[in-house]
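Engineer: using only what follows, build the 3D model:
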Amino acid sequence: MFNFDFQKLIYNLLPSFLRSEKMQSWLNALVFPVKTLHAKFLAYRDDVLFSLSHNGQVLSLEDMLNRLFNPDDLHPRIYISDGPRKAKTYFYNESENKSTRLHNLGESYPPVYLFNQQESTGFDFTVWVHNSISFDYNRMFSLIAKHKAAGFQFQIKTY
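Structural biologist: Now for the predicted structure:
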């Protein structure tokens, strides 16, 4: 659907009495910018289709990263593991009979520290990249951030 043979198109649309070498060369020179735009469009289309074929699932992210940053190797050297995450602190009323409540300073309870929403409470997953792979950290970070589920935090480490 998107494949055009511009040479054949010029030849077929040109009347037979005007099909000289000079005329075809001139029309090819006029069509060259359109050919360039068409090639850029096809490359962009391939990139978008590749991006749309991957989502935030672990296997899909690993496949995408290994295809982009480790294309020649038969063994995948980029993988994703779950990360340690700090438990969130929830406060309850006294009537709810839960363990976490606010206490005065003089009471003998261990201190409870609160985190702001902007503060990191750990990472949901870690992307491990083998030392032998040279990669652009910012590009990998942006690709993962684009495809991951919203609200998940991650880190990139080498092994």
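
Engineer: what's across from the residue nearest to residue 159 when sequence neighbours are not counted in the sheet?
Structural biologist: Of all residues not flanking residue 159 in the chain, residue 128 sits nearest, at 5.2 Å (C-beta to C-beta, 6 or more residues apart in numbering). The way it works is simple: take the backbone N, C-alpha and C, and place the C-beta from them, glycine included. For residue 128, the beta-bridge partners are residue 79, residue 157 (DSSP bridges).

Engineer: which residues does residue 128 contact?
Structural biologist: Listed by C-beta atoms under 8 Å, 6 or more residues apart in numbering, the contact set of residue 128 reads 78, 79, 80, 81, 157, 158, 159.

Engineer: export those residues to CSV and tack on pLDDT, neighbour count and distance to residue 47?
Structural biologist: What follows is the contacts of residue 128, written out as CSV (pLDDT from 0 to 100; neighbours: other C-beta atoms under 10 Å; distance: C-beta to C-beta, whole Å):
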residue, pLDDT, neighbour count, distance to residue 47
78, 87, 23, 19
79, 87, 16, 24
80, 88, 18, 22
81, 87, 10, 28
157, 88, 11, 27
158, 88, 11, 26
159, 87, 9, 29
